[in-house]
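**Student:** model this:
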Amino acid sequence: MTENEVARIVVDCAYQVHKSLGPGLLESVYEVALAHELQKRGLSVTRQQPIAVRYDTLTFDIGFRADIIVEQLVILELKSVETVLPVHKKQLLTYLRLTDMRLGLLINFGATYIKDGIKRVVNGLE
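**Tutor:** Coordinates of the predicted model:
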């Protein structure tokens, strides 16, 4: 399965979760619900995956935690905010670079319409 195939399924699942729950809940609620929907579709899902970060001679065992990683191919960064800021996309791009992954989706469940709340972030993916 490619990153783009995974992304199509993620978008559909995010739509289902947003349609059912609506905007405005805590990110943790959307994380559990979205992971559940993805697993129902047969996808491998890891929640709150600790990612090590290396700097010079230092290694931080838990440099950050990825909200959801799907099929070890796509990182999902979940938000539930009024407005996604440019720093959120930069944050996800940094996560992609540090993990050598090529595709991330920034999903804002706080958006009125989920189609307006999904941003695609790429790291060397066409």
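**Student:** from here on, contacts and neighbour counts on C-alpha atoms
**Tutor:** Will do.
**Student:** Show me the longest helix that occurs in the protein.
**Tutor:** helix 3-21 (DSSP state H).
**Student:** Next, the residues that contact it from outside, please.
**Tutor:** 30, 33-34, 37-38, 70-71, 73-74, 102-103, 105, 107, 109, 114-115, 118 (Cα atoms under 8 Å, 6 or more residues apart in numbering).
**Student:** List the contacts of the residue nearest the centre of the chain.
**Tutor:** Centroid check for the chain by Cα atoms, centre = their mean gives residue 76 as the closest residue, at 0.8 Å. Residue 76 makes contacts with 66-70, 104-107, as judged by Cα under 8 Å, 6+ apart.
**Student:** quick one: secondary structure of residue 65?
**Tutor:** For residue 65, the assignment made with DSSP: H, G, I helix; E, B strand; the rest coil gives strand.
**Student:** Excluding sequence neighbours, find me the nearest residue to it.
**Tutor:** Leaving aside its sequence neighbours, residue 65 sits nearest to residue 50 (Cα to Cα, 6 or more residues apart in numbering; 4.4 Å).
**Student:** okay, now the one you found: neighbour count?
**Tutor:** Residue 50 is flanked by 14 other residues according to other Cα atoms under 10 Å.
**Student:** Next one: it relative to residue 34, how far apart?
**Tutor:** 19 Å (Cα to Cα, to the nearest Å).
**Student:** on that earlier part again, kindly format the C-alpha coordinates of the longest helix of the chain as CSV.
**Tutor:** The C-alpha coordinates for helix 3-21 follow below in CSV (Å, rounded to 0.1, in the frame of the first residue of the first chain):
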residue,chain,number,x,y,z
GLU,A,3,1.3,6.6,1.2
ASN,A,4,-1.4,8.1,-1.1
GLU,A,5,-3.6,5.0,-0.8
VAL,A,6,-3.3,5.2,3.0
ALA,A,7,-4.1,8.9,2.9
ARG,A,8,-7.3,8.3,0.9
ILE,A,9,-8.5,5.9,3.6
VAL,A,10,-7.5,8.3,6.4
VAL,A,11,-9.4,11.2,4.8
ASP,A,12,-12.5,9.0,4.6
CYS,A,13,-12.2,7.8,8.2
ALA,A,14,-11.6,11.4,9.4
TYR,A,15,-14.8,12.4,7.6
GLN,A,16,-16.8,9.6,9.3
VAL,A,17,-15.4,10.6,12.8
HIS,A,18,-16.1,14.3,12.2
LYS,A,19,-19.6,13.6,10.8
SER,A,20,-20.4,11.5,13.9
LEU,A,21,-18.8,13.5,16.7
